[in-house]
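# got a sequence here, can you build the structure:
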Amino acid sequence: METKMTTIRFPEDLYQRLKQVAAKKHLSINQMVVESVQQAVDETAVSNSTMESRLILNEVVPPAKIFADSGLVLVNGIYYRYLTSDNQPIQPEIPYLVVEAVGNILTIKPIQK
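From the prediction side, this is the model:
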């Protein structure tokens, strides 16, 4: 995929909040901005999204809340089935990020530090 570089100016307080949220989610500021813009311009995301998926997308799931034996993950107090984005087994020592929600199945991807 080809990418383009651009400059975006943020008010200082917004930039600091963005920086904090990105750090909390183990993402770069660039990843946060790209994902947010992609969601904003993707018409199908708006028409097909549910309140539940909006509440759990981009949630960080700690290793203790991923139950590989049963194929379940606990997010915001609710158990979901999961798939990994790379179709690899769960790495028990690292957190995962919820990248997609379809019905009661979440797609999670490992967060690389």
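
# centre-most residue in the chain?
Asn58 (2.5 Å; Cα atoms, centre = their mean).

# the helix or strand hosting Leu106 packs against which elements?
Counting by DSSP states H and E, the element that carries Leu106 is strand 105-110. Contacts defined by 3 or more Cβ pairs under 8 Å, 6 or more residues apart in numbering; DSSP states H and E place strand 105-110 against strand 72-75, strand 78-84, strand 96-102. Using the backbone N, CA and C atoms, a C-beta is placed for each residue, glycine as well.

# between the ones you listed, which gets nearest to Met5?
strand 96-102 (23.8 Å; Cβ to Cβ).

# now Leu57. Nearest residue, chain neighbours left out?
Val98 (5.8 Å; Cβ to Cβ, 6 or more residues apart in numbering).

# neighbours of that neighbour, how many?
22 (other Cβ atoms under 10 Å).

# tell me the contacts of it?
Contact analysis of Val98 by Cβ atoms under 8 Å, 6 or more residues apart in numbering lists 56-59, 61, 75, 106-108.

# could you do Ala68 as well?
Counting by Cβ under 8 Å, 6+ apart, the residues that Ala68 touches are 89-90, 92.

# cutoff 10 Å now
By Cβ atoms under 10 Å, 6 or more residues apart in numbering, Ala68 lies in contact with 82, 84, 89-92.

# need the buried ones from the residues you listed selected in PyMOL.
Buried subset of those, written as a PyMOL selection, criterion 16 or more other Cβ atoms under 10 Å:
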select buried, resi 82+84+90
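
# please report how far the closest residue to Gly71 other than its chain neighbours lies from Phe67.
In space, and not counting its chain neighbours, Gly71 is closest to Arg81: 5.8 Å by Cβ to Cβ, 6+ apart. For Arg81, the distance to Phe67 equals 10 Å [Cβ to Cβ, to the nearest Å].
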